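**Q** Below: sequence and its predicted model.
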Amino acid sequence: MKTQWAKDLAKIVDPANVKIDEPLNKYTMTKLGGPADIFVMPETEEQASAVVKYARAHNIPILLLGNGSNMVVRDGGVRGIVLNFAKLDKVEVNGTEVYAQSGALIKEVSKIAAAHTLSGLEFSCGIPGSIGGAMAMNAGAYDGEINDVIKSCKVLTKEGDILELSKEELKLGYRKSIIADEGYYALSSLFTLVKGAQTAIDEKIADLTFKRESRQPLEYPSAGSVFKRPPGHFAGKLIQDSGLQGRGVGGAEVSTKHAGFIINKTGTATATDYIETIHMVQRVVKEKFDIALETEVKIVGDDLPATVK
């Protein structure tokens, strides 16, 4: 069946961009994840639409994997088609507007905007995700978020139709959007920025970069900030006050540098180690403070089949 899917999809996209049983740990920031049945990288929005329509017509499950910065893929991998938009990475600047396709990295778009003396995207200079992922979760950092600068976004529906959504139609909230709620796939975004002073823009980016590098465990693979901020609290502070830093399961560990991060400390952790560490943190924080930590990261895929002892 997989072979037939691959043959069919190779008629839609370049055959070199269709892979069978592709290990997903090559595409995730945690360096975790089993194989995708089929891994597809369209090079145009039309190809992306055709792949989604094919999957729907053949009742094949489909998962969109962006830069893999906010996703934990289980060790058994993902059934069906994994769609990756890394080749949809065009960025254009027109006056104070910046157009970016979803496969472009948001920190690179931030740099391009800064090089054109445009202000508004500085907050995203250290966010490791793609534009598509940033749109889906209204990504934010250091008092800025996508909602502040977005004008419109082109999306693919689950049926493979292309829609243009205004800022209002995107229904952006704290780490959520209509894209995530409806299972849309972001294709491209248009941002409205303001002309700024080059020195001020450069200083802000340098300051935010320093804060990020000094406070976050960037030397280890991780999914970034694992938990959403509970109302009235900071997840990292709750975890720190629970004495969980340096604790973990297998090769995964709560970072000693930033308690909100769980790192692949050994580089050989399994997704099961990582997920069990998440559950341990949730359990201890609930016991200690009666606060339920909700994950910001998305956990997808299948567990490995249990081995018979």
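**A** Alright, I've got the coordinates.
**Q** Just give the number of residues close to residue 290.
**A** 7 (other C-beta atoms under 10 Å). No exception for glycine: its C-beta is placed from N, CA and C like everyone else's.
**Q** Pretty sure residue 22 sits in a helix.
**A** No. Assigned with DSSP: H, G, I helix; E, B strand; the rest coil, residue 22 falls outside any helix and is strand.
**Q** So what's the predicted local confidence for the closest residue to it other than its chain neighbours?
**A** Nearest residue to residue 22, sequence neighbours excluded (C-beta to C-beta, 6 or more residues apart in numbering): residue 39, at 3.7 Å. Per-residue pLDDT puts residue 39 at 98.
**Q** From residue 29, how far out is residue 39?
**A** 17 Å (C-beta to C-beta, to the nearest Å).
**Q** More neighbours: the two, which one.
**A** residue 39 (24 against 18).
**Q** show me the contacts for that one.
**A** 18, 19, 20, 22, 24, 81, 82, 84 (C-beta atoms under 8 Å, 6 or more residues apart in numbering).
**Q** For the residues you listed, give me TSV that also has neighbour count, distance to residue 66 and pLDDT.
**A** Output for these, formatted as TSV (neighbours: other C-beta atoms under 10 Å; distance: C-beta to C-beta, whole Å; pLDDT from 0 to 100):
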residue	neighbour count	distance to residue 66	pLDDT
18	23	19	98
19	18	17	98
20	13	21	98
22	19	16	97
24	26	12	97
81	25	15	97
82	27	11	97
84	24	8	95
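**Q** Each with direction, which strands does the one helix or strand in the chain whose mean pLDDT sits lowest pair with?
**A** Lowest by mean pLDDT, DSSP states H and E among the helices and strands of the chain is strand 140-141, with a mean of 84. Strand 140-141 pairs in its sheet with strand 144-145 (antiparallel), by DSSP bridges.
**Q** Which helix or strand lies directly C-terminal to the strand it pairs with?
**A** Of the helices and strands lying after strand 144-145 in sequence (DSSP states H and E), the nearest is strand 150-156.
**Q** Let me know the closest of the contacts of residue 39 to residue 247.
**A** residue 24 (26.6 Å; C-beta to C-beta).
**Q** thought the closest one was touching residue 36?
**A** Yes. At 5.6 Å, residue 24 and residue 36 qualify as touching, with contact defined as C-beta atoms under 8 Å.
**Q** Residues that sit against both of those two, list them.
**A** 77, 78, 82.
**Q** Please list all residues in contact with the last one.
**A** Read it as residue 82. 22, 24, 36, 37, 38, 39, 40, 62, 63, 64, 65.
**Q** Filter these down to the ones in helices?
**A** Members of the contacts of residue 82 lying in helices (criterion: DSSP state H): none.
**Q** Among the residues you listed, which ones are in strands?
**A** Mapping those onto strands (DSSP state E) picks out 22, 36, 37, 38, 39, 40, 62, 63, 64.
**Q** Now tabulate those residues in CSV and tack on distance to residue 302.
**A** Listed next are the ones in strands among the contacts of residue 82 as CSV, based on distance: C-beta to C-beta, whole Å:
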residue, distance to residue 302
22, 15
36, 11
37, 10
38, 15
39, 15
40, 19
62, 15
63, 11
64, 17
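**Q** Contacts only, for residue 166.
**A** So residue 166 contacts 151, 152 (C-beta under 8 Å, 6+ apart).
**Q** any idea how far it is from residue 154?
**A** Counting by C-beta to C-beta, the gap from residue 166 to residue 154 is 11 Å.
**Q** Quick one: residues in contact with the least confident helix or strand of the chain.
**A** Contacts of strand 140-141 (C-beta under 8 Å, 6+ apart): 123, 124, 126, 127, 146, 147, 175, 208, 212.
**Q** Can you name the two of those residues that sit furthest apart?
**A** 147 and 212 (20.6 Å).
**Q** residue boundaries of the strands in the stretch 51-200 of the chain?
**A** Remark: strands assigned in the stretch 51-200 of the chain by DSSP state E, counting those that start in this stretch are 62-64, 71-73, 78-83, 91-94, 97-101, 118-119, 140-141, 144-145, 150-156, 162-166, 185-192, 194-195.
**Q** now, of those strands, which is deepest in the fold?
**A** Highest mean neighbour count among the strands of the stretch 51-200 of the chain (mean count of other C-beta atoms under 10 Å): strand 71-73, with a mean of 26.
**Q** Centre of the chain to that strand, how far?
**A** 9 Å (C-alpha atoms, centre = their mean, to the nearest Å).
**Q** Adjacent strands (with direction) for it?
**A** By DSSP bridges, strand 71-73 pairs with strand 298-300 (parallel).
**Q** Go through the partner strand and flag the buried ones.
**A** residue 300 (16 or more other C-beta atoms under 10 Å).
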